[in-house]
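Asker: Following is a predicted model, sequence given first.
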Amino acid sequence: MKDQYGRAITYMRISITDRCNLHCQYCMPGEPKQIPREEILSYEEICQTAEAAVNLGITHFRITGGEPLVRKDCFRLIRMLHQINGVERVSMTTNGVLLFSFMNELASAGLDDVNVSLDTLNRGEFLHLTGKDSLSSVLEGIEAAVESGIPVKLNAVNRRGMDWRSLVSYAESRKIPLRFIEMMPIGHGKNHMGSSNEELLKQIEEIYGPARPVENSSDPGNLIMEEQGRGPARYYRFQNLNTKIGFISAIHHRFCESCNRVRLSSTGYLKACLCYQQGADLRPILRDPAQSDDLVRVMREVIYRKPREHDFDHMKNITEKKSMNRIGG
């Protein structure tokens with residue numbers, strides 16, 4: 001369906017847990033209070049929501065967290081989602097720590113693609129940033145995903161002091177697309193804002209030569225999952241670089257006019273925009289058979305009322321106060 005501004009909403013990010021095996025400084029430093037397990041949606045409740053979403057035109061689902069792989073048998077959910085008539089794609093975003101251990105199960109379940117968060121290749125910096133000495137496990141997981149044949153992308157948050165050169169070299173050596181994501185002032189992220197992606201693009205050009213935008217319709221190296229409408233990244237090829245670099249620039253080059261997504265939190269809260277708290281709590285509806293007929297109606301209302309754009313430029317207008325692990329990555 002289309003929202004009130006005519007945008008076709010086709011993509012839902014589903015958080016399946018607030019828990020994570022890392023404690024990244026900009027997401028969930030320390031030991032935050034965990035949501036009681038009885039408040040977390042079951043896989044059956046998630047699929048009930050996904051069925052309603054498909055009825056409203058949503059066909060692409062991305063499983064997130066927290067860290068989705070810490071939830072038991074999460075690959076079972078992938079299989080369940082694929083069994084819903086109308087679902088075209090089921091993806092996952094992970095920190096990669098457990099990816100090697102579960103790669104065979106994820107592939108067997110039909111995972112269509114995976115994004116792996118990788119902010120540094122320096123072991124000491126990884127430990128400082130995440131609180132865990134797990135860089136080798138992440139790299140092992142990336143290799144396993146590449147070998148499986150499942151399309152892989154790397155996500156790196158653009159933050160102060162980031163060594164983007166090593167990340168670019170690593171992505172090029174494995175021919176994996178790399179995306180740089182501007183930090184958003186949500187939760188702890190507001191304390192770790194980095195430079196703009198526009199500045200970073202210029203820095204990459206200084207080393208790798210002029211950049212040209214990737215045209216999705218004609219670029220033979222463009223993966224299916226990156227077709228127009230799949231996501232907000234703007235991809236470039238550089239003269240002396242053999243992989244694509246993407247930039248997700250929510251702050252300095254907002255993509256609100258083409259935003260095609262909504263988010264479902266692990267507790268069943270449906271959000272239409274990261275900037276604002278507004279949305280609807282679907283859990284009471286999912287757990288009360290007498291309200292089951294209301295699910296599509298309530299979801300339709302949230303989607304239709306999706307805000308025109310975020311207002312991250314003005315902190316006082318940001319009404320969302322939760323950390324990203326509670327909202328969903």
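Answerer: Alright, I've got the coordinates. Residues are numbered from 1 along each chain as shown.

Asker: where exactly do the helices run in the stretch 201-329 of the chain?
Answerer: Assignment of helices within the stretch 201-329 of the chain using DSSP state H, counting those that start in this stretch yields the ranges 283-286, 295-304, 324-327.

Asker: And those helices: which comes nearest residue 34?
Answerer: When these are compared for distance to residue 34 using C-beta to C-beta, the nearest one is helix 324-327, at 9.5 Å. (Glycine included, C-beta is placed from N, CA and C.)

Asker: OK, contacts around residue 82?
Answerer: 90, 109-110 (C-beta atoms under 8 Å, 6 or more residues apart in numbering).

Asker: could you redo the last one with a cut-off of 7 Å?
Answerer: The contact partners of residue 82, by C-beta atoms under 7 Å, 6 or more residues apart in numbering, come to 90, 110.

Asker: State the pLDDT value of it.
Answerer: For residue 82, the pLDDT comes out at 98.

Asker: Residue 68 versus that one, what's the distance?
Answerer: Going from residue 82 to residue 68 by C-beta to C-beta, to the nearest Å gives 16 Å.

Asker: returning to that earlier point: I'd like the helices of the stretch 201-329 of the chain as TSV, with mean pLDDT, distance to residue 15 and mean neighbour count appended.
Answerer: Conversion of these to TSV gives the following (pLDDT from 0 to 100; distance: least, C-beta to C-beta, whole Å; neighbours: other C-beta atoms under 10 Å):
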stretch	mean pLDDT	distance to residue 15	mean neighbour count
helix 283-286	97	13	18
helix 295-304	97	16	17
helix 324-327	61	7	24
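
Asker: For residue 105, find the nearest of those helices.
Answerer: Taking the helices of the stretch 201-329 of the chain one by one with C-beta to C-beta, helix 324-327 is closest: 23.4 Å.

Asker: any chance you could map the strands in the stretch 1-150 of the chain?
Answerer: 11-15, 60-64, 89-94, 113-117 (DSSP state E, counting those that start in this stretch).
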